[in-house]
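> structural data only, the sequence is not supplied:
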C-alpha cells in the first residue's frame with residue numbers, strides 16, 4: 001500500500017478569485033500531489049483547500065501554498081464570519097493510507113520548522129502534533145484571533161513552537177498539526193435568526209451550554225463553576241447567518257466522527273430546532289468527507305425505516321444525501337465530495353457500458369479475457385445475493401430472518417465490490433506480464449533482470465484469479481442459506497447466484513492453472529495449486545448443494 005497523506009490548509013481569503021487561484025496553482029504544481037477541492041466561502045472570507053499525495057510531496061505543496069498566501073493576503077484588511085489569526089490559518093495533515101499518525105507528526109514538524117525559518121511566520125503545533133497540552137485544541141490557540149496576536153506574542157506562554165516570537169502583521173500566525181478526518185459540517189435552518197442558531201450550536205458543542213435559572217441567571221455549582229448541559233463529544237459548534245444562502249446555520253467541526261457521527265449531530269440539531277420552533281431544511285459538508293461516515297449514516301436511516309442495510313455503497317450514500325439534504329444550497333456530487341472516490345484508481349473496464357465491455361471482450365485484444373469474466377460472474381452472484389436478501393428483509397413470513405438477511409447482504413456487497421475491482425485487476429496484471437516480456441535482453445544483467453521481472457509479474461497475475469476463486473467460494477457460502485430461508489418468490493434468483501458463483505470459481509481456477517504453467521518456481525506453484533484445488537472442491541460441493549435444493553424447491 002502506497003503512503004497517502006491528506007492536507008487541508010485553510011486560507012483567510014474567500015472573495016478574491018485571483019488570490020485563491022494563485023494559491024491553488026502552487027499546490028497543483030507539485031508532482032505527486034492531487035488537488036482534490038478548493039472550497040471558498042464569501043461570508044466566511046475563507047477558502048478550504050484539500051489535496052493528497054505522498055508525504056514529501058504533500059509537505060512541499062503545503063509550504064508553497066503557505067508562502068503564496070503570505071505573499072498575497074494582508075491580515076490587516078481581513079474581515080469574515082470565521083475565526084482566524086493568519087493568512088494560512090490552519091494546516092492539518094491527515095493520514096489516509098500506509099502512513100501513521102506518528103509519521104504525520106514528523107511531517108508537521110518539518111513543515112512548521114521551514115515555515116518559521118524561511119517565511120518568518122510564528123507557527124503553533126496543535127492536536128496530535130502539539131508540544132504542550134494547552135495547545136491541543138485549535139480554539140485555544142486562536143483565542144482573541146488576529147487582533148490579539150500582537151500582544152499574545154509578547155508573553156512567554158505564547159511563544160511559538162517554530163518561527164520568531166514577533167508579530168507578522170500581514171501573515172499573522174499559522175497553526176500546523178495532525179488530526180483524524182475532521183468533518184466541517186453546516187446545518188441549515190428555516191430562519192434568519194442568528195441568535196437561535198448559536199443557541200443550538202452552543203447546546204451541541206462538547207462543553208455544552210451554561211444552564212440558567214428562571215430569571216435567566218447562569219447557574220454555578222458549589223465550587224463556583226458554571227453548570228452546563230452535556231454536549232456532543234468531539235464537536236465544536238456555534239451558529240451564524242450566511243448572507244448568500246439567506247438563512248442561519250448551525251456550523252460545526254466534528255473532530256472525530258467515530259465518537260460523534262454526522263448523523264448523531266444531525267438528529268440532535270433536528271430535535272433542538274423543533275424545540276425552538278424552527279426546522280432543519282438541509283445541510284452541507286465543507287470540503288471533502290470520508291466515505292465511512294456517509295455509509296454509517298445510510299445504514300442508520302435505513303434501519304430507522306425498518307429497511308435492509310445490506311445494499312450497495314452507492315445506495316447507502318444516496319440515503320444519507322437525501323436525509324441530510326446536501327443538495328439544498330448547492331448540488332452534492334459524491335464523486336467530488338467523498339475523498340476515497342477522488343483518489344480511487346481508475347477502473348476502465350467496469351465503468352464501461354455492458355455493450356462496450358462485451359465489444360472489447362470480443363475484439364482481438366487478449367485482455368480482458370477469461371479472468372475478468374470469471375471475476376465479473378462472481379460479482380454478479382454477489383449482487384444477486386444482496387438482492388434476494390433485500391427482497392426477503394421485512395416481508396411477511398420472513399421477519400424472523402431479518403438479521404440473517406442483513407448479514408448476508410452486507411457480506412455480499414463487500415464481495416461484489418472486490419470481485420468487480422478484480423475485473424480490471426486481472427487485465428492490469430496481464431499487462432504487467434507483457435511489460436516484463438518487453439524489457440531489454442541485450443546483456444546478461446538485462447536478461448537476469450528481465451527473467452526476475454517476468455517471474456514476479458506471472459506470480460502477480462496468478463494471485464489475482466486465485467483471489468477471485470477464494471471470493472467466489474465466499475459468495476457460494478452465502479447462497480445456501482438464501483435458498484432455504486430467503487423469499488421463495490426469489491428462489492430462482494438465488495439459484496442463478498449459485499450458478500454464477502460456481503462459473504466464476506471454475507473460471508478463476510482455469511486462470512490460476514494457465515498462469516502456473518509459465519512460472520519457474522516449482523515449490524511456489526505446488527503450494528498455489530494445492531490451495532486452488534481445495535478452494536475449487538469447496539466451490540463444487542457448495543454449488544451442488546445449492547443446485548439440488550433449488551431444483552427440488554422449484555419442482556415441488
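Good, I have the coordinates. Since this is a predicted model, take the numbers as computed values, not measurements. Residues are numbered from 1 along each chain as shown.
> for stretch 201-211, which residues meet the burial criterion?
Residues 201-206, 208-209 are the ones in stretch 201-211 that count as buried (16 or more other C-beta atoms under 10 Å). Yep, even glycine has a C-beta here, placed from its N, CA and C like the rest.
> and it, what's its mean pLDDT?
Average pLDDT, stretch 201-211: 89.
> between the buried residues of stretch 201-211, which is nearest residue 440?
Using C-beta to C-beta, residue 206 comes nearest to residue 440 of the buried residues of stretch 201-211, at 61.7 Å.
> I'd say that closest one and residue 229 touch.
No: taking contacts as C-beta atoms under 8 Å, residue 206 lies outside contact range of residue 229: 11.5 Å.
> SS state for residue 170?
Per DSSP: H, G, I helix; E, B strand; the rest coil, the local secondary structure of residue 170 is coil.
> got the buried residues of stretch 201-211 as CSV, with distance to residue 413 and secondary structure columns?
As requested, these are exported to CSV (distance: C-beta to C-beta, whole Å; DSSP: H, G, I helix; E, B strand; the rest coil):
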residue, distance to residue 413, secondary structure
201, 36, helix
202, 40, helix
203, 37, helix
204, 32, helix
205, 36, coil
206, 34, coil
208, 39, coil
209, 41, strand
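> nearest to residue 384, of those?
Distance to residue 384, by C-beta to C-beta, is smallest for residue 204 among these, at 42.8 Å.
> distance of the closest one from residue 248?
15 Å (C-beta to C-beta, to the nearest Å).
> do the same with residue 8
Residue 8 is 25 Å from residue 248, by C-beta to C-beta.
> equivalent analysis for residue 432, please.
Distance of residue 432 to residue 248, given as C-beta to C-beta: 55 Å.
> more neighbours: which of these two?
residue 248 (25 against 17; other C-beta atoms under 10 Å).
> just the element for the more buried one, please.
In this assignment (DSSP states H and E), residue 248 forms part of strand 247-254.
> other SSEs contacting that strand?
Judged by 3 or more C-beta pairs under 8 Å, 6 or more residues apart in numbering; DSSP states H and E, the packing partners of strand 247-254 are strand 183-189, helix 194-204, strand 235-242, helix 262-275.
> packed most tightly, which of those would that be?
Ranked by mean neighbour count, the helices and strands packed on strand 247-254 are led by strand 183-189 with a mean of 24 (mean count of other C-beta atoms under 10 Å).
> average pLDDT for it?
Per-residue scores along strand 183-189 average to 95.
> could you do stretch 479-489 as well?
Mean predicted confidence for stretch 479-489 is 95.
> that one: which residues count as buried?
Of the residues in stretch 479-489, 479-483, 485-487 count as buried by neighbour count, 16+ other C-beta under 10 Å.
> list just the nearest of those residues to residue 373.
Closest to residue 373, out of all of the buried residues of stretch 479-489 and judged by C-beta to C-beta, is residue 479, at 19.6 Å.
> isn't that closest one right next to residue 494, touching?
Yes: contact between residue 479 and residue 494 holds when scored by C-beta under 8 Å: they sit 5.9 Å apart.
> overlap in contacts of those two?
385, 546 (C-beta atoms under 8 Å, 6 or more residues apart in numbering).
> what would the buried residues of stretch 479-489 look like in TSV with distance to residue 164 and secondary structure?
Formatted as TSV, those follow (distance: C-beta to C-beta, whole Å; three-state DSSP):
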residue	distance to residue 164	secondary structure
479	68	helix
480	70	helix
481	68	helix
482	68	helix
483	73	helix
485	71	helix
486	70	coil
487	71	coil
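> just flag the most distant two among those.
Across the buried residues of stretch 479-489, no pair lies farther apart than 480 and 487, at 15.2 Å, counting by C-beta to C-beta.
> so residue 180 versus residue 254, what's the distance?
10 Å.
> cool, residue 97 as well?
Separation of residue 97 from residue 254 (C-beta to C-beta): 21 Å.
> before we move on, what about residue 394?
With C-beta to C-beta as the criterion, residue 394 and residue 254 are 31 Å apart.
> those two: which has the busier surroundings?
Neighbour count, other C-beta under 10 Å: between residue 394 and residue 254, residue 254 has more, with 26 against 15.
> which is the next helix or strand following the helix or strand containing residue 71?
Element membership for residue 71 (DSSP H and E) is helix 55-72. Per DSSP H and E, the first helix or strand lying C-terminal to helix 55-72 is strand 88-97.
> OK, contacts around residue 48?
Taking C-beta under 8 Å, 6+ apart, we find residue 48 in contact with 8-10, 37-39, 41, 184, 286-287.
> my guess is it is in a strand, correct?
Yes: checked against three-state DSSP, residue 48 lies within a strand.
> so how far is residue 23 from it?
Using C-beta to C-beta, residue 48 is found at 11 Å from residue 23.
> what's the answer for residue 329, then?
From residue 329 to residue 23 the distance is 24 Å (C-beta to C-beta).
> more neighbours: which of these two?
Using other C-beta under 10 Å as the criterion, residue 329 and residue 23 rank with residue 23 on top: 26 against 19.
> part of a strand, is that one?
No: going by three-state DSSP, the assignment for residue 23 is helix, not a strand.
> that one and residue 13, how far apart?
From residue 23 across to residue 13, the span is 8 Å (C-beta to C-beta).
> check residue 218 too.
Noted for residue 218: a distance of 38 Å to residue 13, by C-beta to C-beta.
> and these two? Which one has more around it.
residue 13 (23 against 12).
> show the end-to-end separation of stretch 222-237, please.
End-to-end distance of stretch 222-237 (C-alpha to C-alpha, to the nearest Å): 28 Å.
> what's the mean pLDDT across that stretch?
pLDDT averaged over stretch 222-237 gives 85.
> in that stretch, what's buried?
Buried-residue list, stretch 222-237, by 16+ other C-beta under 10 Å: 228, 231-232, 234-237.
> now these in CSV, with distance to residue 65?
Below are the buried residues of stretch 222-237 laid out as CSV (distance: C-beta to C-beta, whole Å):
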residue, distance to residue 65
228, 39
231, 34
232, 32
234, 27
235, 28
236, 24
237, 28
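> kindly report the domain assignment for the chain.
For the chain, automatic domain parsing gives the domain ranges 4-178, 183-343, 354-555.
> list the residues that contact the spatially most central residue of the chain.
Compute the mean C-alpha point of the chain, and by C-alpha atoms, centre = their mean the closest residue is residue 290, 2.7 Å away. Residue 290 makes contacts with 181, 183, 257, 338-340, as judged by C-beta under 8 Å, 6+ apart.
> could you report the separation of it from residue 262?
Distance of residue 290 to residue 262, given as C-beta to C-beta: 10 Å.
> overlap in contacts of these two?
With C-beta under 8 Å, 6+ apart, residue 290 and residue 262 have common neighbours residue 183.
> just the pLDDT for the residue nearest to residue 349 when sequence neighbours are not counted.
Nearest residue to residue 349 in three dimensions, chain neighbours excluded: residue 424, at 4.8 Å (C-beta to C-beta, 6 or more residues apart in numbering). Predicted confidence (pLDDT) for residue 424: 93.
> and residue 424, how far from residue 344?
Taken as C-beta to C-beta, the span from residue 424 to residue 344 is 11 Å.
> of the two, who's got more company?
Neighbours were tallied for residue 424 and for residue 344 using other C-beta under 10 Å; the higher tally belongs to residue 424 (19 against 12).
> nothing else from me, thank you.
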